[in-house]
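J.: Next comes the sequence, and after it the predicted model I'd like to discuss.
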Amino acid sequence: MAETYVLVPGAWHGAWSWRPVAQRLRAAGHSVVALTLPGLADGDDPRRFSLADTVDFVAGFLDTHDLTDVTLVAHSWGGYPVFGAAHRVPQRVRRVVFHSAFVPENGVALVDDVPPGHAELFRQLARDSGDHSVVLPYPVFQSAFAQDTPEPVQKLVYELLVPQPMRYFEEPLHAPAFPTLGLPVSYLAGESDLAMPPGDHAWCPRFPGRLGVEPITVPGDHEAFLTRPDAFVAALLRSHTVDGSARVPI
(Lines give C-alpha, C1' and ligand atoms only; values in the text may rest on other atoms or scores of the structure.)
Protein backbone atom coordinates (compact mmCIF):
# COMPACT_ATOMS: atom_id res chain seq x y z
CA MET A 1 0.00 0.00 0.00
CA ALA A 2 1.36 3.41 -1.00
CA GLU A 3 2.30 5.74 1.86
CA THR A 4 2.96 9.46 2.09
CA TYR A 5 6.23 10.07 3.90
CA VAL A 6 7.46 13.37 5.29
CA LEU A 7 11.10 13.00 6.33
CA VAL A 8 12.51 15.36 8.96
CA PRO A 9 16.28 15.57 9.47
CA GLY A 10 18.21 15.98 12.67
CA ALA A 11 20.64 18.63 13.85
CA TRP A 12 23.11 20.02 11.27
CA HIS A 13 21.28 18.20 8.43
CA GLY A 14 18.85 19.22 5.71
CA ALA A 15 16.61 17.55 3.17
CA TRP A 16 19.72 16.49 1.24
CA SER A 17 20.50 13.87 3.89
CA TRP A 18 17.27 11.99 3.12
CA ARG A 19 17.80 11.81 -0.65
CA PRO A 20 18.98 8.15 -0.82
CA VAL A 21 16.04 7.04 1.36
CA ALA A 22 13.56 9.19 -0.57
CA GLN A 23 14.72 7.74 -3.90
CA ARG A 24 14.20 4.20 -2.69
CA LEU A 25 10.79 4.90 -1.20
CA ARG A 26 9.62 6.59 -4.41
CA ALA A 27 10.91 3.65 -6.44
CA ALA A 28 8.68 1.43 -4.27
CA GLY A 29 5.64 3.56 -5.18
CA HIS A 30 5.44 5.88 -2.20
CA SER A 31 5.05 9.67 -2.10
CA VAL A 32 7.96 11.32 -0.29
CA VAL A 33 8.90 14.84 0.81
CA ALA A 34 12.09 15.62 2.71
CA LEU A 35 12.19 18.89 4.63
CA THR A 36 14.92 21.38 5.41
CA LEU A 37 13.83 23.12 8.59
CA PRO A 38 14.13 26.86 9.29
CA GLY A 39 17.62 27.77 10.41
CA LEU A 40 19.18 24.76 8.69
CA ALA A 41 19.31 25.91 5.09
CA ASP A 42 22.75 26.90 3.85
CA GLY A 43 23.33 30.52 4.83
CA ASP A 44 20.49 30.80 7.38
CA ASP A 45 21.13 33.04 10.37
CA PRO A 46 20.85 30.66 13.36
CA ARG A 47 19.85 33.56 15.64
CA ARG A 48 16.57 34.23 13.80
CA PHE A 49 14.64 31.12 14.77
CA SER A 50 13.13 29.43 17.81
CA LEU A 51 12.24 25.78 18.33
CA ALA A 52 8.59 26.76 17.93
CA ASP A 53 9.39 27.92 14.38
CA THR A 54 10.39 24.38 13.44
CA VAL A 55 7.16 22.93 14.82
CA ASP A 56 5.18 25.62 12.98
CA PHE A 57 7.06 24.78 9.79
CA VAL A 58 6.33 21.04 9.86
CA ALA A 59 2.69 21.46 10.91
CA GLY A 60 2.23 24.30 8.44
CA PHE A 61 3.70 22.23 5.62
CA LEU A 62 1.14 19.49 6.20
CA ASP A 63 -1.67 22.04 6.35
CA THR A 64 -0.56 24.11 3.36
CA HIS A 65 -0.21 21.06 1.14
CA ASP A 66 -3.37 19.47 2.57
CA LEU A 67 -1.52 16.25 3.35
CA THR A 68 -3.36 13.50 5.19
CA ASP A 69 -2.49 9.95 6.29
CA VAL A 70 1.13 11.07 6.57
CA THR A 71 3.93 8.98 7.98
CA LEU A 72 6.26 11.40 9.77
CA VAL A 73 9.84 10.15 10.10
CA ALA A 74 12.21 11.92 12.48
CA HIS A 75 15.96 11.50 12.81
CA SER A 76 17.84 12.52 15.96
CA TRP A 77 16.99 16.10 17.08
CA GLY A 78 14.23 16.00 14.44
CA GLY A 79 12.19 14.21 17.08
CA TYR A 80 11.47 17.62 18.60
CA PRO A 81 9.72 19.27 15.63
CA VAL A 82 7.99 16.00 14.71
CA PHE A 83 6.75 15.51 18.27
CA GLY A 84 5.38 19.05 18.32
CA ALA A 85 3.81 18.82 14.86
CA ALA A 86 2.11 15.50 15.63
CA HIS A 87 0.45 17.14 18.62
CA ARG A 88 -0.49 20.18 16.54
CA VAL A 89 -2.09 18.37 13.57
CA PRO A 90 -2.73 14.76 14.65
CA GLN A 91 -5.63 14.53 12.19
CA ARG A 92 -3.11 14.67 9.33
CA VAL A 93 -0.80 11.99 10.70
CA ARG A 94 -1.13 8.27 10.04
CA ARG A 95 1.90 7.14 12.01
CA VAL A 96 5.20 8.42 13.36
CA VAL A 97 8.62 6.79 13.16
CA PHE A 98 11.48 7.99 15.38
CA HIS A 99 14.93 6.93 14.14
CA SER A 100 17.65 7.21 16.79
CA ALA A 101 15.67 10.27 17.76
CA PHE A 102 14.83 12.25 20.85
CA VAL A 103 11.35 11.74 22.24
CA PRO A 104 10.79 14.93 24.23
CA GLU A 105 9.34 15.10 27.69
CA ASN A 106 7.01 17.94 28.59
CA GLY A 107 9.03 21.03 29.47
CA VAL A 108 12.47 19.38 29.12
CA ALA A 109 14.99 20.91 26.70
CA LEU A 110 17.49 18.78 24.79
CA VAL A 111 20.42 20.14 26.80
CA ASP A 112 18.75 18.71 29.89
CA ASP A 113 18.18 15.33 28.21
CA VAL A 114 21.75 14.57 27.08
CA PRO A 115 24.87 13.63 29.07
CA PRO A 116 26.29 16.61 31.00
CA GLY A 117 29.43 16.50 28.85
CA HIS A 118 27.38 16.89 25.67
CA ALA A 119 25.45 19.81 27.17
CA GLU A 120 28.61 21.64 28.22
CA LEU A 121 30.22 21.05 24.80
CA PHE A 122 27.18 22.53 23.04
CA ARG A 123 27.13 25.55 25.37
CA GLN A 124 30.86 26.20 24.92
CA LEU A 125 30.64 25.89 21.12
CA ALA A 126 27.67 28.29 21.09
CA ARG A 127 29.55 30.80 23.27
CA ASP A 128 32.54 30.66 20.93
CA SER A 129 30.55 30.79 17.69
CA GLY A 130 29.64 34.46 17.54
CA ASP A 131 26.10 33.67 16.38
CA HIS A 132 24.85 31.31 19.11
CA SER A 133 25.20 28.23 16.92
CA VAL A 134 26.79 24.84 17.35
CA VAL A 135 29.22 23.46 14.78
CA LEU A 136 30.01 19.85 15.61
CA PRO A 137 33.80 19.30 15.78
CA TYR A 138 34.98 16.83 13.16
CA PRO A 139 36.67 14.45 15.67
CA VAL A 140 33.37 14.19 17.59
CA PHE A 141 31.41 13.58 14.40
CA GLN A 142 33.94 11.00 13.21
CA SER A 143 34.14 9.03 16.46
CA ALA A 144 30.57 9.19 17.78
CA PHE A 145 28.25 9.93 14.85
CA ALA A 146 29.86 8.16 11.89
CA GLN A 147 32.39 5.75 13.35
CA ASP A 148 31.20 2.86 11.12
CA THR A 149 31.32 5.00 7.97
CA PRO A 150 34.38 4.96 5.64
CA GLU A 151 36.57 8.01 6.17
CA PRO A 152 36.07 9.55 2.69
CA VAL A 153 32.29 9.45 3.29
CA GLN A 154 32.74 10.86 6.79
CA LYS A 155 34.56 13.85 5.35
CA LEU A 156 32.02 14.39 2.59
CA VAL A 157 29.03 14.28 4.93
CA TYR A 158 30.76 16.52 7.46
CA GLU A 159 31.38 19.17 4.79
CA LEU A 160 27.62 19.25 4.10
CA LEU A 161 26.61 19.90 7.71
CA VAL A 162 25.44 23.39 8.66
CA PRO A 163 25.57 25.24 12.00
CA GLN A 164 22.77 24.22 14.39
CA PRO A 165 20.90 27.02 16.20
CA MET A 166 21.68 26.56 19.88
CA ARG A 167 18.17 27.76 20.75
CA TYR A 168 16.85 24.49 19.32
CA PHE A 169 18.76 22.67 22.05
CA GLU A 170 17.87 25.11 24.83
CA GLU A 171 14.13 25.52 24.36
CA PRO A 172 11.66 22.86 25.56
CA LEU A 173 8.38 21.73 24.08
CA HIS A 174 5.23 21.79 26.15
CA ALA A 175 3.01 18.87 25.15
CA PRO A 176 1.65 15.69 26.75
CA ALA A 177 3.39 12.34 26.41
CA PHE A 178 3.23 10.96 22.89
CA PRO A 179 1.03 7.93 23.67
CA THR A 180 -1.81 10.30 24.58
CA LEU A 181 -2.22 10.96 20.84
CA GLY A 182 -3.19 7.35 20.15
CA LEU A 183 -1.14 7.32 16.93
CA PRO A 184 0.79 4.25 15.76
CA VAL A 185 4.46 4.79 16.46
CA SER A 186 7.74 2.95 15.92
CA TYR A 187 11.30 3.47 17.10
CA LEU A 188 14.26 2.48 14.91
CA ALA A 189 17.58 2.31 16.75
CA GLY A 190 21.02 2.14 15.16
CA GLU A 191 22.78 -0.93 16.50
CA SER A 192 26.16 0.86 16.73
CA ASP A 193 24.89 4.41 17.23
CA LEU A 194 27.11 6.16 19.80
CA ALA A 195 25.76 9.71 19.47
CA MET A 196 24.09 9.00 22.80
CA PRO A 197 26.70 6.85 24.58
CA PRO A 198 25.94 3.61 26.41
CA GLY A 199 24.56 4.07 29.91
CA ASP A 200 21.72 6.07 31.40
CA HIS A 201 21.58 8.46 28.44
CA ALA A 202 21.63 5.84 25.66
CA TRP A 203 18.96 5.92 22.96
CA CYS A 204 17.57 2.64 24.22
CA PRO A 205 15.63 1.76 26.26
CA ARG A 206 15.07 5.38 27.30
CA PHE A 207 13.37 6.89 24.24
CA PRO A 208 11.36 3.92 22.96
CA GLY A 209 10.22 3.49 26.55
CA ARG A 210 8.68 6.96 26.44
CA LEU A 211 6.65 5.80 23.43
CA GLY A 212 5.67 2.49 24.94
CA VAL A 213 7.28 0.44 22.15
CA GLU A 214 10.17 -1.96 21.71
CA PRO A 215 12.94 -0.65 19.41
CA ILE A 216 13.60 -2.11 15.99
CA THR A 217 17.32 -2.46 15.28
CA VAL A 218 18.85 -0.89 12.19
CA PRO A 219 22.43 -1.69 11.12
CA GLY A 220 25.03 1.05 11.42
CA ASP A 221 25.89 4.28 13.18
CA HIS A 222 24.03 7.58 13.57
CA GLU A 223 24.41 8.43 9.87
CA ALA A 224 23.30 5.02 8.62
CA PHE A 225 19.99 6.31 7.23
CA LEU A 226 22.17 8.25 4.76
CA THR A 227 25.05 5.82 4.29
CA ARG A 228 23.07 2.53 4.43
CA PRO A 229 19.74 3.52 2.88
CA ASP A 230 18.77 0.02 1.74
CA ALA A 231 18.96 -1.36 5.27
CA PHE A 232 17.18 1.68 6.67
CA VAL A 233 14.31 1.49 4.19
CA ALA A 234 13.90 -2.24 4.85
CA ALA A 235 13.63 -1.55 8.59
CA LEU A 236 11.29 1.40 8.03
CA LEU A 237 8.89 -0.67 5.95
CA ARG A 238 9.11 -3.56 8.40
CA SER A 239 8.29 -1.21 11.27
CA HIS A 240 4.82 -0.61 9.87
CA THR A 241 3.91 -4.25 10.41
CA VAL A 242 4.50 -3.98 14.16
CA ASP A 243 2.83 -0.61 14.75
CA GLY A 244 0.72 -0.94 17.85
CA SER A 245 1.70 -4.55 18.47
CA ALA A 246 5.03 -4.01 20.23
CA ARG A 247 3.78 -1.76 22.98
CA VAL A 248 5.17 -2.11 26.47
CA PRO A 249 3.85 -0.50 29.65
CA ILE A 250 5.02 3.04 30.38
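T.: Happy to help now that I have it.
J.: Against Gly190, how distant is the residue positioned nearest the centre of the chain?
T.: Nearest residue to the geometric centre of the chain (CA atoms, centre = their mean): His75, 2.1 Å. Note on His75: its distance to Gly190, by CB to CB, to the nearest Å, is 10 Å. Bear in mind the C-beta positions are built from the backbone N, C-alpha and C, glycine included.
J.: Repeat that for Tyr138.
T.: Taking CB to CB, one finds Tyr138 at 20 Å from Gly190.
J.: Mind checking which of the two has more residues around it?
T.: Using other CB atoms under 10 Å as the criterion, Tyr138 and Gly190 rank with Gly190 on top: 25 against 14.
J.: Which residue is the nearest non-sequential neighbour of the more buried one?
T.: Closest residue to Gly190 apart from its sequence neighbours, by CB to CB, 6 or more residues apart in numbering: Ser100 at 4.9 Å.
J.: Report the contact partners of the one you found.
T.: His75, Ser76, Leu188, Ala189, Gly190, Asp193, Ala195, Met196, Trp203, Val218, His222 (CB atoms under 8 Å, 6 or more residues apart in numbering).
J.: Strands - which of those residues land there?
T.: Among these, the residues falling in strands (DSSP state E) are His75, Leu188, Ala189, Gly190, Val218.
J.: just these now: which is nearest Val134?
T.: Nearest to Val134 out of the ones in strands among the contacts of Ser100 is His75 (CB to CB; 16.8 Å).
J.: measure the nearest residue to that closest one once chain neighbours are set aside to Gln91 for me?
T.: Nearest residue to His75, sequence neighbours excluded (CB to CB, 6+ apart): Gly10, at 4.3 Å. As defined by CB to CB, Gly10 lies at a distance of 26 Å from Gln91.
J.: what about the residue nearest to Arg92 when sequence neighbours are not counted, how many neighbours?
T.: Spatial nearest neighbour of Arg92, excluding adjacent residues (CB to CB, 6+ apart): Leu62 at 4.6 Å. Residues near Leu62, counting by other CB under 10 Å, number 22.
J.: And Arg123, by the same measure?
T.: So Arg123, with other CB under 10 Å, has 15 neighbours.
J.: so where do the strands sit in this protein?
T.: With DSSP E as the criterion, the chain has strands spanning 4-8, 31-34, 70-75, 93-99, 133-134, 164-165, 185-190, 216-218.
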